[in-house]
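*Asks:* Task: produce atomic coordinates for the following.
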Amino acid sequence: MKGNERRDAILTILKNSNRPVKGGELSSSLKVSRQVIVQDIALLRAEGKDIVATPQGYVILGGLSTSVKKVIAVRHDENQLEDELKTVVALGGRVIDVTIEHKIYGEITGKLMIKSFFDVEEFMLKVKNNDSKPLSYLTGGIHLHTIEADNSEIMDRILNTLKEKGYLISEEA
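*Replies:* Take a look at the predicted model:
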């Protein structure tokens, strides 16, 4: 295998892995020495590939993970807000933002970055302790969320559960 082919193979392995890949694993699968892998990684970095060496192995930043993001349309009342958010995080997801379609202003998006029960509780305290209402209040409970999960199986569980609870209206890729 030529150097260019080997470096392409390294990129493919890293992109398709859902975890860091050790240099020894790369050298075994590509039948070269560990030192050749180190040199190939250096050349890939010089080409602008964002490869990082971690104690667990090599990873490509910003696109290596199998993380899945979806925009979903949901509907619920204020009393179901906490349950909706806790459903997503309990199943391993993250709620990145909320978006509504406002009649005057168009799309309005608020960053949420909710990834744990603690984050949900903090958000709910803000909702309860302020004179403001959640954005979904302006649209009769209809709103969009960008949600993220580590893989498609987790995403599917989240979507199915939201659908079972009657919150999910639709999803976009």
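*Asks:* Please count neighbours and contacts with C-alpha atoms only from this point.
*Replies:* Noted.
*Asks:* quick one: residue 125 and residue 78, what's the gap?
*Replies:* Computed as C-alpha to C-alpha, to the nearest Å, the residue 125 to residue 78 distance reads 13 Å.
*Asks:* quick one, strands of the protein?
*Replies:* 51-54, 57-60, 68-75, 93-102, 106-114, 142-149, 168-172 (DSSP state E).
*Asks:* Just put the ones you listed in TSV and tack on mean pLDDT, distance to residue 44 and mean neighbour count.
*Replies:* TSV is the format used below for the strands of the chain (pLDDT from 0 to 100; distance: least, C-alpha to C-alpha, whole Å; neighbours: other C-alpha atoms under 10 Å):
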stretch	mean pLDDT	distance to residue 44	mean neighbour count
strand 51-54	82	8	14
strand 57-60	86	11	19
strand 68-75	92	25	19
strand 93-102	89	31	20
strand 106-114	87	32	14
strand 142-149	91	28	22
strand 168-172	74	34	14
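*Asks:* so which of those strands gets nearest residue 129?
*Replies:* Nearest to residue 129, of all the strands of the chain, is strand 106-114, at 17.0 Å by C-alpha to C-alpha.
*Asks:* Tell me how many other residues surround residue 35.
*Replies:* 12 (other C-alpha atoms under 10 Å).
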